[in-house]
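1. below are the sequence and a predicted model for it; my questions follow.
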Amino acid sequence: MKKLFAPALLIAGLVLGTSSSFANEIVSENNNDHDREKAAAFYKKNKEEIQNYKSVVSTFFSSNGQFQNLTDEQQNEFINSAESLKQELSQKDDYRAKRFLKKVDLTENIFRFVWESKPEYVEMDFSFEAPVIAPETEVIL
């Protein structure tokens, strides 16, 4: 399991490094006014989902321990936001939207893998009675 975890985090870092500025890329990468308007409309329509998505990605980069300890509610919120973004992006014919769709999908899959790979912590009782061995009463010389 540890052999899979390290490469997954490496891949996550490489892939997510470019998607951490997701919303900024959506608006700033468009070269003409029409594309910028479409991107701004997309951002405005999906602002809450983008903010939820960015928040979890930022947590991943800033504090991996905190990322591992996100509540189930926060994880589900991220997954729902990613699914919503994927739904919206899949309806676009733009190559940028297709590229962002791949990033969101890969990010979601990596995060799901990391969250599902967390070890279960089970309270275990390690107390036991040590057997007492009676000392020999006779010493033989």
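-> Perfect, thanks for sending it.

2. going forward, measure contacts and count neighbours with C-alpha atoms only.
-> Fine.

3. as a check, name the ranges of all helices in the chain.
-> 2-19, 22-28, 33-45, 47-62, 64-68, 72-90, 95-116 (DSSP state H).

4. out of those, nearest to residue 126?
-> helix 2-19 (25.1 Å; Cα to Cα).

5. what about that closest one, average pLDDT?
-> In this model, helix 2-19 carries a mean pLDDT of 46.

6. got it, and stretch 86-101?
-> The average pLDDT within stretch 86-101 is 87.

7. state the distance from residue 76 to residue 59.
-> According to Cα to Cα, to the nearest Å, residue 76 and residue 59 sit 15 Å apart.

8. same list (the helices of the chain) but as CSV, adding distance to residue 122.
-> Formatted as CSV, the helices of the chain follow (distance: least, Cα to Cα, whole Å):
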stretch, distance to residue 122
helix 2-19, 19
helix 22-28, 38
helix 33-45, 43
helix 47-62, 25
helix 64-68, 17
helix 72-90, 18
helix 95-116, 16
